[in-house]
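**Q** Below is the sequence, then the predicted model.
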Amino acid sequence: MNINESLKIAIKCIKANWMRSLLTMLGIIIGISSVIMIIGAGTGVRDYIVGLIEDMGSNAVMISVDATSATDNDYITLDDVQNIKTKVKGVERCSPMLMGFGRATIDKSATEATAMLIGVNSDVQFALTNTCTYGRFFTDEEYDANAPIAVIGTNSAEMAFGYQDVTNEYITVSSSGKSMKIKVCGVANIDALASSVGGGSNMMSSMFSNGSDQVVVALFMPCTTLTQITGADANLSSVFVIAEEGADYDAVGNSAVNYLKSAHGNYSNNMYTAQNMATYVEIVDIIMSVLTAFIACVGAISLIVGGIGVMNIMLVSVTERTREIGIRKSLGAKTRVITMQFLTESIILCLIGGIIGVTIGVVGAFAACSIINIQPNITWWLILVALLFSSGVGLFFGIYPARKAAQMSPIDALRSE
């Protein structure tokens with residue numbers, strides 16, 4: 001008997017008992033679909049989070065002040081920012097990060113929103129993976145001139161205006177009893193960075209909105225302009241340091257911290273901390289990969305349960321087809337032919353279950369990720385491995401029933417009722 005005949009007989013037997021076959025495949029279907037869904041969605045979430053961090057600049061180091069114990073003398077000044085850029089070895093650029101909050105009114109539509117204001121200089125654009133999607137970043141000259149100009153986040157533009165290319169549009173920003181009409185000079189992917197500095201857009205909305213709107217507008221503007229709007233001093237709790245290409249980011253961060261300790265005379269405490277963004281990428285990647293692998297392994301346990309179910313049904317099938325086996329052996333069928341026949345049925349059963357499971361898993365991953373607007377990461381090798389694994393389950397758990405059928409005595413088999 002060749003392989004084509006074995007396949008035809010296997011498919012015929014599965015069709016003859018289709019309900020039993022479907023119930024047998026259920027464990028394989030659940031196992032494969034859960035593994036595909038978990039790995040696809042988990043990898044998509046990991047890529048999304050890592051992408052957000054990389055958008056903030058994988059070559060950037062955030063220097064922060066411990067605000068819980070800092071005095072006015074401990075906060076970073078704009079002079080410190082310039083000195084870090086020019087005096088600290090390995091630093092290519094340095095930008096202040098001054099937070100401010102207020103109300104924003106979209107001049108074109110009179111839409112009200114919560115304004116998340118981040119005072120920076122033009123160097124911060126070099127910490128972003130992508131430059132402005134539309135328009136441009138403000139220049140050093142505009143920074144020095146306290147120009148009423150800003151770069152808006154891509155998501156913020158979509159939420160506030162209904163479209164992304166909002167260059168040359170105007171937003172009136174109000175804070176501390178003062179207001180200023182701000183011109184949008186560019187649109188960039190800065191929402192993730194703004195949320196990380198400000199504590200997240202949802203928290204900012206709940207803290208600073210009046211409850212009538214859920215729109216949060218993230219604006220990067222000259223630090224000097226922000227101080228005019230809020231009336232606050234330029235006491236910085238954090239700065240963004242962009243290291244030179246190929247530099248040791250940890251060493252650059254430590255050097256910047258040492259400069260601040262020297263400049264402010266506080267060597268005796270841990271007032272300043274350096275956070276390497278590249279380290280965050282590695283940590284998040286490792287954590288998400290381990291979690292995804294662990295959950296996928298838990299989901300794969302159902303494959304073992306499904307394999308045991310396949311073995312049980314194949315043993316039942318051997319018992320039901322005892323006379324068929326006896327007749328075939330009495331007509332000269334060899335042991336390997338009988339073994340191959342039942343192994344083929346077991347593999348086909350699991351392979352069909354694997355195909356159904358892969359389909360459900362792919363659809364489930366896209367459905368789950370669509371809820372949080374994330375693209376799942378499902379590759380062809382993942383599908384191939386899943387199908388090969390399901391076939392392997394059928395092969396492994398089909399060996400014992402197949403050998404039992406093949407080792408039957410023709411005389412004993414023909415005597416059975």
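**A** Okay, I see it. Residues are numbered from 1 along each chain as shown.
**Q** Now do the strands in this protein.
**A** In the chain, the strands defined using DSSP state E lie at 60-65, 91-96, 98-106, 111-120, 134-135, 149-153, 170-175, 178-188, 216-222, 238-243, 272-276.
**Q** Pipe these into TSV and attach distance to G307 and mean pLDDT per row.
**A** In this view, the C-beta of every residue, glycine as well, is placed from N, C-alpha and C. Putting these into TSV (distance: least, C-beta to C-beta, whole Å; pLDDT from 0 to 100) gives the following:
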stretch	distance to G307	mean pLDDT
strand 60-65	49	85
strand 91-96	57	89
strand 98-106	56	87
strand 111-120	53	87
strand 134-135	55	91
strand 149-153	50	92
strand 170-175	61	90
strand 178-188	52	91
strand 216-222	51	89
strand 238-243	52	86
strand 272-276	46	84
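**Q** mind listing what N269 touches?
**A** 66, 69 (C-beta atoms under 8 Å, 6 or more residues apart in numbering).
**Q** Could you check the pLDDT of it?
**A** pLDDT for N269: 70.
**Q** low pLDDT regions in the stretch 251-400 of the chain?
**A** Residue ranges of the stretch 251-400 of the chain with pLDDT under 70: 268, 277-281, 299, 321, 333.
**Q** picking up where we left off before, can you tell me which of the strands of the chain is nearest to I14?
**A** strand 149-153 (55.5 Å; C-beta to C-beta).
**Q** ok, that closest one: who's next to it in the sheet?
**A** strand 178-188 (parallel), strand 216-222 (antiparallel) (DSSP bridges).
**Q** Would you reformat the strands of the chain as TSV and include mean neighbour count and distance to A127?
**A** Shown next, in TSV, are these (neighbours: other C-beta atoms under 10 Å; distance: least, C-beta to C-beta, whole Å):
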stretch	mean neighbour count	distance to A127
strand 60-65	23	4
strand 91-96	22	7
strand 98-106	21	15
strand 111-120	24	9
strand 134-135	18	18
strand 149-153	27	13
strand 170-175	19	23
strand 178-188	19	11
strand 216-222	28	11
strand 238-243	25	5
strand 272-276	18	13
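**Q** of all those, which lies closest to Q82?
**A** strand 91-96 (7.6 Å).
**Q** by how many degrees do that closest one and strand 60-65 diverge?
**A** 50 degrees (axes from the mean of the first three to the mean of the last three C-alpha atoms, to 10 degrees).
**Q** Could you export the strands of the chain as TSV, including distance to E345?
**A** Formatted as TSV, these follow (distance: least, C-beta to C-beta, whole Å):
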stretch	distance to E345
strand 60-65	59
strand 91-96	66
strand 98-106	67
strand 111-120	63
strand 134-135	61
strand 149-153	58
strand 170-175	69
strand 178-188	59
strand 216-222	59
strand 238-243	62
strand 272-276	57
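**Q** right, and the strands paired with strand 149-153 - which one's nearest S391?
**A** Among these, strand 178-188 comes nearest to S391, with 48.6 Å by C-beta to C-beta.
**Q** For the residue nearest to A104 when sequence neighbours are not counted, which residues are in contact?
**A** Nearest residue to A104, sequence neighbours excluded (C-beta to C-beta, 6 or more residues apart in numbering): A115, at 3.8 Å. Residues near A115 by C-beta under 8 Å, 6+ apart: 100-104, 171, 173-175, 217, 219.
**Q** Now L26. Nearest residue, chain neighbours left out?
**A** Excluding its sequence neighbours, the residue lying closest to L26 (C-beta to C-beta, 6+ apart) is G306, at 7.1 Å.
**Q** just checking, the one you found touches S34?
**A** No. If you go by C-beta atoms under 8 Å, G306 and S34 don't touch, sitting 11.1 Å apart.
**Q** quick one, which of the two is more surrounded?
**A** G306 (28 against 22; other C-beta atoms under 10 Å).
**Q** Could you dump the contacts of A115 into CSV with distance to Q228 added?
**A** What follows is the contacts of A115, written out as CSV (distance: C-beta to C-beta, whole Å):
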residue, distance to Q228
G100, 10
F101, 15
G102, 12
R103, 16
A104, 16
I171, 15
V173, 11
S174, 13
S175, 10
V217, 18
L219, 14
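**Q** Which member of the residues you listed is positioned nearest P148?
**A** Distances from P148 to the contacts of A115, taken as C-beta to C-beta, are shortest for V173 (8.9 Å).
**Q** Can you give me the buried ones in stretch 249-267?
**A** Within stretch 249-267, the residues scored as buried using 16 or more other C-beta atoms under 10 Å are 249, 252-253, 255-257, 259-261, 264, 266.
**Q** From I76, how far off is the spatially closest residue to V215 that is not a sequence neighbour?
**A** Spatial nearest neighbour of V215, chain neighbours left out: A113 (3.9 Å); criterion: C-beta to C-beta, 6+ apart. Remark: distance between A113 and I76 (C-beta to C-beta, to the nearest Å) = 29 Å.
**Q** cool, and L384?
**A** Using C-beta to C-beta, we find L384 at a distance of 53 Å from I76.
**Q** Among these two, which residue is more densely surrounded?
**A** Legend: neighbour count by other C-beta under 10 Å for L384 and I76, higher for I76 (26 against 11).
**Q** show me the contacts for the more buried one.
**A** When contacts are counted by C-beta under 8 Å, 6+ apart, I76 touches 63, 65, 96, 235-239, 260.
**Q** now with 10 Å?
**A** Taking C-beta atoms under 10 Å, 6 or more residues apart in numbering as the criterion, I76 is in contact with 63-65, 70, 84, 96-98, 234-239, 256, 260, 263-264, 272.
**Q** How about L7?
**A** So L7 contacts 341, 344-345, 347-348 (C-beta under 10 Å, 6+ apart).
**Q** how close does it get to I356?
**A** Counting by C-beta to C-beta, the gap from L7 to I356 is 18 Å.
**Q** How about C132?
**A** In terms of C-beta to C-beta, C132 sits 47 Å off from I356.
**Q** Look through this protein and tell me its longest helix.
**A** When secondary structure is assigned using DSSP state H, the longest helix within the chain turns out to be helix 277-320.
**Q** Please name every helix or strand in contact with it.
**A** Contact here means 3 or more C-beta pairs under 10 Å, 6 or more residues apart in numbering; DSSP states H and E; on that basis helix 277-320 packs against helix 18-55, strand 60-65, helix 191-198, helix 249-264, helix 335-371, helix 380-406.
**Q** Much appreciated, bye for now.
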